[in-house]
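[1] Return a 3D structure for these sequence lines:
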Amino acid sequence: MPPRAGRTAKKGKRGKKPRAAKKQTQKTTTKTTATKGKKKKAPPSNAFVASKYKDSEGKRVIYFNAYDAADLKDSAEYWEVTALPEGCSTPDGYIRVRFEDGSVSHYDPGLLTPRFVHLDEGTLVDVRGYDVRYRAPKWEIVESNAADQVYVVNKEGATDDSEEMAVDFKSVRQRPRFFPDNPEYYGRSKQPTKEHPDYVFSWVFRKMMFSKRNREAGIASGSLAPRKRDDEQGYLHHPTTMYNQQYQKDHAEQIKEQKAKYEPYCCFCGRACKVSACNCGGKGTGKRQLAQLVRQTLRLALTDGLGGELTDENCRLLTGFPAGEVQQILQAAIPDDVNIEELLEKKCVQRGLPYPSCVIHKDHIKAVAQWLSELGQKPGWNHDKTPNDALRLINRIENLQYLIWRANLDKGAAYTEAIRKDLADYEKCFYSAAQLKKRDVLRRKYLPLSKVLANVKAWAARRGGARAWRPIGVPELSHSPREVGKLMAL
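    Sure thing, here's the model as predicted:
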């Protein structure tokens, strides 16, 4: 039966409009997709991240590359280090470096020089500018040419030298080797663990080292709470902060019982103290936050408190004098009408501390953060239970003073020219002119105690008289008679 003319015409009208619209839509979509594709196209990741700071050659430092770090005591000597990204506590203008013994410290990037490392033939490497993802084709070392400072590389398993090329040593990075006979080197997802010999070359280590960048990204996205000192309201109203505060309030009794039952214990020497605070020299001992470590060891040296093993000899190694003489020198820098012994017994609530603490702090004139940025060694203890050179250098008697707690917390880590001049003047109380000329501070010999006490008292008198207590690097009003009177009334 032939179709009706009206129905056919109607059907034709319906069919033409959608087809025309469909073709037009397809053209527009294809064009848009092509445009978007061009914008999203990016070069392959090469994982060679350059720092904003420059090395001794005026070129940007490349993280995780090998460098020679100039020794601060002797510029002719060098430390072999690996450049690491800045941490959350790294001072501005510095980066972190990893020494051969595994310790990490802050360092001036201007003191770093790129170092050529010999790699054996067949070592798998990443080449800058080429894809370094897990399944990407890998490169291997053909020859390490130390004379020309280049590596000759070729594709892994290549049968000819058609793709062989010489690459600058700064554009090559070693990959972790595979040890099939050592399953303890790998985690559940077959990623290298800390026991792996090439752990520092793995992506796990590199990703972990970007702590500062990861934290900033978390704060920007809202997943992490900002620091209280940067944004107090944002910190207090963040869901994580409110959850933690509510949890501590709901489980206050349980937390109190756990703290009361907790008994610290060092697994290396058996002393009743935390491993992070012990000075026995075992693996991981004394590795708490460095500023806290230095202050804690200073308190222990002056009170002989923890374990009863910190003798006057250790105090002499730390400060240059036995504990009793240290107290006399510190008191000599304080006016006679200030009863420092009674003030040391006073306690009050201080910001940042969960319990009342002493209103007088024993602290450093040159801030610990400034010391850490200049030292090539991490402060800690040797295996013979003696402080190492870095810890001794920070705690020299001429770098110690009593301060009121509020002024100490506000002091910060800035080491200004005014503080530098005041400290240089204060050092004259302890050394003769010949000793001050020695560059190695640890080799200087102090004046006799009687001479030191007389010099320190005269220095204190020059800084304002009997009623003025003016520690170095703090506001003058913070240690006025009125402020001291308030503390005595507690």
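
[2] count of neighbours near the closest residue to Ile340 other than its chain neighbours?
    Take Ile340 and drop its neighbours on the chain: the residue closest to it by Cβ to Cβ, 6 or more residues apart in numbering is Ile334, 5.2 Å away. The way it works is simple: take the backbone N, C-alpha and C, and place the C-beta from them, glycine included. Other residues near Ile334 come to 21 when the count uses other Cβ atoms under 10 Å.

[3] What of the one 10 residues further on?
    For Leu344, the neighbour count with other Cβ under 10 Å is 14.

[4] So what sits opposite the residue lying closest to it once chain neighbours are set aside in the bridge?
    Closest residue in space to Leu344, ignoring its immediate chain neighbours: Ile360 at 5.4 Å, by Cβ to Cβ, 6+ apart. With DSSP bridges as the criterion, Ile360 is bridged to Ile404.

[5] follow-up on the earlier one: Provide the secondary structure category for the residue nearest to Ile340.
    With DSSP: H, G, I helix; E, B strand; the rest coil as the basis, Ile334 sits in coil.

[6] I'd guessed it sits against Leu403; true?
    No - counting by Cβ atoms under 8 Å, Ile334 stays clear of Leu403, with 10.7 Å between them.

[7] Just the element for Leu409, please.
    helix 405-411 (DSSP states H and E).

[8] elements contacting that helix?
    strand 360-364 (3 or more Cβ pairs under 8 Å, 6 or more residues apart in numbering; DSSP states H and E).

[9] Extract the C-alpha set from the helix holding Leu409 and format it as CSV.
    Taking C-alpha atoms only, helix 405-411 is exported to CSV below (Å, rounded to 0.1, in the frame of the first residue of the first chain):
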residue,chain,number,x,y,z
TRP,A,405,59.5,34.0,79.2
ARG,A,406,57.5,36.5,77.2
ALA,A,407,60.6,38.2,75.7
ASN,A,408,62.1,34.8,74.9
LEU,A,409,59.0,33.6,72.9
ASP,A,410,58.9,36.9,71.0
LYS,A,411,62.6,36.9,70.3
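
[10] how far does that helix sit from the chain's center?
    22 Å (Cα atoms, centre = their mean, to the nearest Å).

[11] What residues sit buried inside it?
    For helix 405-411, burial by neighbour count (16 or more other Cβ atoms under 10 Å) applies to Trp405, Arg406, Ala407, Asn408, Lys411.

[12] what sits up against it?
    With contacts defined as Cβ atoms under 8 Å, 6 or more residues apart in numbering, helix 405-411 is touched by 348, 350-352, 357-361, 363, 367, 403, 471, 473-475, 478-479.

[13] Repeat that for stretch 459-473.
    Residues from elsewhere that reach stretch 459-473 (Cβ under 8 Å, 6+ apart): 332-338, 365, 401-403, 407, 411, 416, 418-419, 422-423, 425-426, 429, 476, 479-481, 484.

[14] Show me the shaky parts of the stretch 351-490 of the chain.
    Within the stretch 351-490 of the chain, the stretches with pLDDT under 70 are 352, 373, 411-414, 464-467.

[15] That one: strands as residue ranges?
    Assigned by DSSP state E, counting those that start in this stretch, the strands in the stretch 351-490 of the chain fall at 357-358, 360-364, 400-404.
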